[in-house]
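A.B. asks: below are the sequence and a predicted model; questions follow.
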Amino acid sequence: ERFSTDVQAGAWQAMRAILDKLPPEEATKVYDHVLQRLVKHEASLLPGEVIDLAEVAPGVFSSTRMAMLGNILKNSIDLVSATGSLVARLETGTAHFGGKDPANRGRAAAILLAANRVIEAGSFLPPLDAALASRDDLTLDLHAQFLFAIGRERKQPANLLKAWALSLTLIHISEPTRLR
């Protein structure tokens, strides 16, 4: 009952304290269930609250989890029609999103892309040349998503072709067992 109250109140740190008492696998399932419920009920959170919710996530940021967080963030941004303070917070950085750390910047780009905030996501993408050189399939995928979304949004065939070329590169460099 306390957990439900914490979720309804947006007391994410208190929720995390309860999750920390659970075995890791169970904590992950409970957290993801909370996200599913928030998505289903189109929860009204402010953009900063969505980042706070993401910060208390146990376990890894799977593509499914990022999609749910992105959906909640999209609804949040649609509700308040403002992203300035959110982007500023991500530029400063949190424990898991934005800042100077390349992995955190990649997660910031991923959550913004999942929220259909294409323009904002672009500034958080790690450099494409480095991703190509290191064969970093996750970063290449984010760049392909970004180029596709911006090409579609701005009606720029050149970016759509670049997205397609990156997608083909991903297929070429990925081992069959690593394809998602």
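C.D. replies: Yep, that arrived.
A.B. asks: after the helix or strand encompassing R89, which helix or strand is next?
C.D. replies: Remark: R89 resides in helix 84-92, with elements defined by DSSP states H and E. Moving toward the C-terminus from helix 84-92, the next helix or strand (DSSP H and E) is helix 102-114.
A.B. asks: what packs against that following helix?
C.D. replies: In terms of contact count using 3 or more CB pairs under 8 Å, 6 or more residues apart in numbering; DSSP states H and E, helix 102-114 is assigned the packing partners helix 63-80, helix 118-122, helix 137-153. Yep, even glycine has a C-beta here, placed from its N, CA and C like the rest.
A.B. asks: got the angle for the helix or strand hosting V30 vs helix 63-80?
C.D. replies: Here V30 is covered by helix 24-40, with elements defined by DSSP H and E. Direction vectors for helix 24-40 and helix 63-80, defined by axes from the mean of the first three to the mean of the last three CA atoms, to 10 degrees, enclose an angle of 30 degrees.
A.B. asks: now for the helix or strand just after helix 24-40, which elements pack on it?
C.D. replies: In the C-terminal direction, the helix or strand that comes right after helix 24-40 (DSSP H and E) is helix 47-55. Helices and strands touching helix 47-55, as assessed by 3+ CB pairs under 8 Å, 6+ apart, comprise helix 12-19, helix 63-80, helix 84-92.
A.B. asks: one more pass at 6 Å, please.
C.D. replies: With contacts defined as 3 or more CB pairs under 6 Å, 6 or more residues apart in numbering; DSSP states H and E, helix 47-55 has these neighbours: helix 63-80.
A.B. asks: what comes up buried for the helix holding R89?
C.D. replies: Neighbour-count burial for helix 84-92, with 16 or more other CB atoms under 10 Å as criterion, is recorded at 86-87, 89-90.
A.B. asks: what of stretch 93-102?
C.D. replies: In terms of neighbour count (16+ other CB under 10 Å), stretch 93-102 has its buried residues at 94, 96-99, 102.
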